[in-house]
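Student: A predicted structure for the sequence below; I have some questions about it.
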Amino acid sequence: MLIKVCGLTRQADVDLAASFGASMCGFIFHPVSPRCVSPVQAASLESGSMLRVGVFVEQDAEEICRIMAEARLDMAQLHGRQDAACARAVGAQRVIRVIWPARYCHRALLYNELQNHADACACYLLDAGLAGGGSGVRLDWEDLNHLPSPRPWLLAGGLSAENVGLALSRCSPDGVDFNSGVEDAPGQKNAQKLAAALAVAAKQKGNRYLS
């Protein structure tokens, strides 16, 4: 099971995520986000063996690549309107493509969207709402059961120790993404909430892993 902790801003929280078994750590590079960090700040946060993920909303491929180099990132989570050409310019094997299932009135449309991005990403992240992230809004988990995804996918959207077990019993993602559900305030993780949430997630077995 891939476990990602996103919206990190402090070394203490990065250390906690690593110690509790997270496989990915996320840094947000969107100026209006209360969890936004600069490339220099992200670069200063040591993350051990965790994959370092940058969340990008408005940046183009050139800026994404520049920030990735400066912040020592392994992957780019494309959270905005970046198209497949942008993803390929960044490097498909380095891209996490965010998809919002609520945008699609029929499951077939969601499946088509997954297929459309399959050759331009390493995995997907399915988030709640229609845009943005870190809002705490949850997805309809049962609607994602038996999702025929051509790539590994991570479940996001208001996950916490209280609900991640239920979420994983209703659908079968390859990973989970924690953010607001393990915080005291935006960008400030709570050690007890984080430990409890990751302990539940770590008991689950994902189907696929990133190569």
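Tutor: Good, I have the coordinates.
Student: going forward, measure contacts between C-alpha atoms and count neighbours the same way
Tutor: Will do.
Student: distance of the residue nearest to A89 when sequence neighbours are not counted from H106?
Tutor: With sequence-adjacent residues excluded and distances taken as Cα to Cα, 6 or more residues apart in numbering, A89 is closest to A61, at 6.1 Å. Distance of A61 to H106, given as Cα to Cα, to the nearest Å: 31 Å.
Student: who has more neighbours, these two?
Tutor: A61 (19 against 10; other Cα atoms under 10 Å).
Student: list the contacts for that one?
Tutor: 86-87, 89-90 (Cα atoms under 8 Å, 6 or more residues apart in numbering).
Student: need phi/psi at the residue minimising distance to the centre of the chain.
Tutor: A centroid search over the chain (Cα atoms, centre = their mean) returns D177, at 5.0 Å, as the residue closest to the centre. Phi and psi for D177, reported as degrees, to the nearest 10, are phi -130, psi 120.
Student: who does it bridge with?
Tutor: Note on D177: beta-bridge partners K4, judged by DSSP bridges.
Student: which residues touch it?
Tutor: Taking Cα under 8 Å, 6+ apart as the test, what D177 contacts is 3-6, 154-157, 159.
Student: where exactly do the helices run in this protein?
Tutor: Using DSSP state H, the helices of the chain run over 11-19, 39-44, 61-71, 84-90, 107-116, 164-170, 191-202.
Student: give the contact list for the closest residue to D184 other than its chain neighbours.
Tutor: Beyond its immediate neighbours in the sequence, the residue positioned closest to D184 (Cα to Cα, 6+ apart) is N190, lying 5.7 Å away. N190 makes contact with 182-184, according to Cα under 8 Å, 6+ apart.
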